[in-house]
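> Here is a sequence with its predicted model. Questions after.
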Amino acid sequence: MRKILANALILIVTVALVVGAFASFQRKRSTFERIDFTFTRRNGVIVVKGVDPDSNAQRAGLRPGDEIWVIGDTPSNEVEGLQKTLRRIGAPVPMIVQRGHQALKLTYRVPELKIDYPYLILSFIGFLYLAIGLFTLFRGERRESTLFYFVTLLSFVVYVYTPAGDIDFSYKLLQIVEEIATILLPPLTLNFFLLFPRPIVRHKGLIAALYLPPALLALWDIDLLILNNRVPIAAPYHSLELIQKWEIVHFAIYFTLAVVALAYTYRTAAAVGKKQIKWIYLGMALGFLPFLLVYIVPYLIVGSVKPIYSTISILPLALIPLAFAVSILKYKLWDVEVVIKEVLAYSVTFMFGMVAFSTVNLILSHAIEEQSALERNFLAFTSGLIIAGVLIPVKGRIESVIEMLVYRESYRHRRAMAEFAQELATFHDVHELIAMMRERMRAALDIEKMNLFTREGRLLVIYEIEDILPRRVNIADFGSMPAN
């Protein structure tokens, strides 16, 4: 019964937050079509409230107080959605405006769509977090997967919820939900790392104490945003500034403690636990480093970042929940080094290809005249094919160099075993296969000579006869062996 109630509560909370997310997304999407003047209605007629400076509306001649009677060929009291109507008509849009006792005919050009691509990408990542969290919840072990699910659920809220549009009750509700999720996410993440992959804090009182400062911060935020600063700790604007600063310090402290907890767990964890933590480290590195290098560092140095770079910087954030899910579900944990090697190899190979192709294009643009565009394009296409063909052996060589740097002393043995595994699938003759196995195992084990024994009943028979070795020996001479 308790399990059913817990599942029902999780379902209700999830559905409520997803509904709110779609409402937030719809409000944000409507801002993409925003027109450059505000309006109200008076007896059904559209009345201009304000006009954005240096906008199409200002250039068209609209002023606050103007009554728009006709839009295109439609009376304004019959227009239900002004933004959609203006965009459906297109540009320019003829209007008949009443200003005082004077009727004017104006031509208004609808501003271009202002699509917030970073928000769309963040929304996609948020829904990806939610999907991975649900998958982990149903496939993983109950305790840690449930905690991880709530981490992904709050991350989903932080990514998708973005209050936009008119400041009404819905706006304030979405804003407070986003604020609470932002406040609770750091302590919940620390709680997760204190219990996963193995508990390092078991006292429930200490775990509960983690949520005391966030609870106080959330209550202050609710009082300011919903109750209009009923408990006046400070003036509203000053309270807002203090809350924002507290949130930054709060985020930094909790996530620093989470990383410290993860590092401490790694030192004392068993082999499987270390592999799980390696996957978490991998996801955090691949997710946060591009964001740090492409967005944070340029923002701190220059003070602004181009939209294209901010969009690129947030794409790798989707790798974080994927790595966490792999770690919790213990799926192919032992492949983490292989994944790192492959990512590095493909990245270096891609950069090599881009540099090579750009260099060839630069040389061709200087060597061949502009009039010979056909010959230049043909040579560029041919060189591109050649570079693509060269990239395959280049990638193999890069992988070898990475393996040499990572494995060092054991590189030669690992390489021999890898080649042995590749050749194992190509042999059909038994004797050739055994000869190849002997040679590869000798190289992998770094020994001068080796032989094989095959089992015949209770005897072991040497494969290749040697003078100093008996042809048959008893199994008992080698100690206990499995019966089958």
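Received the coordinates, thanks.

> what sits against residue 159?
122-123, 125-126, 129 (CB atoms under 8 Å, 6 or more residues apart in numbering). For every residue, glycine as well, the C-beta is placed using N, CA and C.

> okay, now the domains of this protein?
The record assigns the chain these domain ranges, following automatic domain parsing: 36-108, 117-331, 334-448, 451-484.

> Could you find the closest non-adjacent residue to residue 144?
residue 196 (4.8 Å; CB to CB, 6 or more residues apart in numbering).

> wait, residue 284
Nearest to residue 284 is residue 320, by CB to CB, 6+ apart, at 6.2 Å.

> wait, what's in contact with the one you found?
Contacts of residue 320 (CB under 8 Å, 6+ apart): 283-284, 286-288.

> Mark which of the residues you listed are part of strands, please.
Secondary structure from DSSP state E places none of these in strands.

> can you tell which of the domains of the chain is closest to residue 16?
Residue 16 lies closest to domain 117-331 among these, at 9.2 Å (CB to CB).

> And that closest one, how far out from the chain middle?
Relative to its chain's centre, domain 117-331 lies at 12 Å (CA atoms, centre = their mean, to the nearest Å).

> out of the contacts of residue 159, which is most surrounded?
residue 129 (28 neighbours; other CB atoms under 10 Å).

> For the helix or strand harbouring that residue, buried residues please.
Taking DSSP states H and E as the definition, one finds residue 129 inside helix 117-139. Neighbour-count burial for helix 117-139 flags 118-119, 121-123, 125-130, 132-133, 135-137 (criterion: 16 or more other CB atoms under 10 Å).

> Widest-spaced pair of these?
It's 118 and 137 that sit farthest apart of these, by CB to CB, at 28.3 Å.

> Local confidence estimate at the residue nearest to residue 144?
We have a pLDDT of 81 for residue 196.

> which residues does it contact?
144, 147-148, 276, 328.

> Give me the distance between it and residue 287.
For residue 196, the distance to residue 287 (CB to CB, to the nearest Å) stands at 18 Å.

> ok, residue 63 - how many residues close by?
Residue 63: 14 neighbours (other CB under 10 Å).

> how about it, phi and psi?
Backbone torsions for residue 63, taken as degrees, to the nearest 10, come to phi -140, psi 150.

> Ok, residue 49 next?
phi -90, psi -40.

> Residue 41 is in contact with that one, correct?
No: in this structure, residue 49 is not within contact of residue 41 by CB atoms under 8 Å, at 10.4 Å.

> Can you show me the helices along the stretch 1-150 of the chain?
2-32, 56-60, 82-89, 117-139, 142-160 (DSSP state H, counting those that start in this stretch).

> Pick the most deeply packed of the ones you listed.
helix 142-160 (a mean of 21; mean count of other CB atoms under 10 Å).

> got the contact list for residue 43?
With CB under 8 Å, 6+ apart, residue 43 has these contacts: residue 77.

> and residue 1, which of the domains of the chain is closest to it?
When these are compared (using CB to CB), the closest one is domain 117-331, at 15.8 Å.

> Show me the strands in the stretch 351-484 of the chain, by range?
Assigned strands in the stretch 351-484 of the chain, in chain order: 453-456, 459-462, 472-474 (criterion: DSSP state E, counting those that start in this stretch).

> closest one to residue 233 among the ones you listed?
strand 453-456 (81.7 Å).

> Tell me the helices and strands packed up against the closest one.
strand 459-462 (3 or more CB pairs under 8 Å, 6 or more residues apart in numbering; DSSP states H and E).

> Against which helices or strands is the strand it packs on packed?
Using 3+ CB pairs under 8 Å, 6+ apart, strand 459-462 sits against strand 453-456, strand 472-474.

> Using JSON lines, please lay out those together with distance to residue 312, mean pLDDT and mean neighbour count.
Formatted as JSON lines, the helices and strands packed on strand 459-462 follow (distance: least, CB to CB, whole Å; pLDDT from 0 to 100; neighbours: other CB atoms under 10 Å):
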{"stretch": "strand 453-456", "distance to residue 312": "59", "mean pLDDT": "76", "mean neighbour count": "11"}
{"stretch": "strand 472-474", "distance to residue 312": "66", "mean pLDDT": "79", "mean neighbour count": "11"}
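
> ok so, going back, next one: the residue nearest to residue 144 relative to residue 265, how far apart?
8 Å.

> Equivalent analysis for residue 375, please.
Residue 375 is 62 Å from residue 265, by CB to CB.
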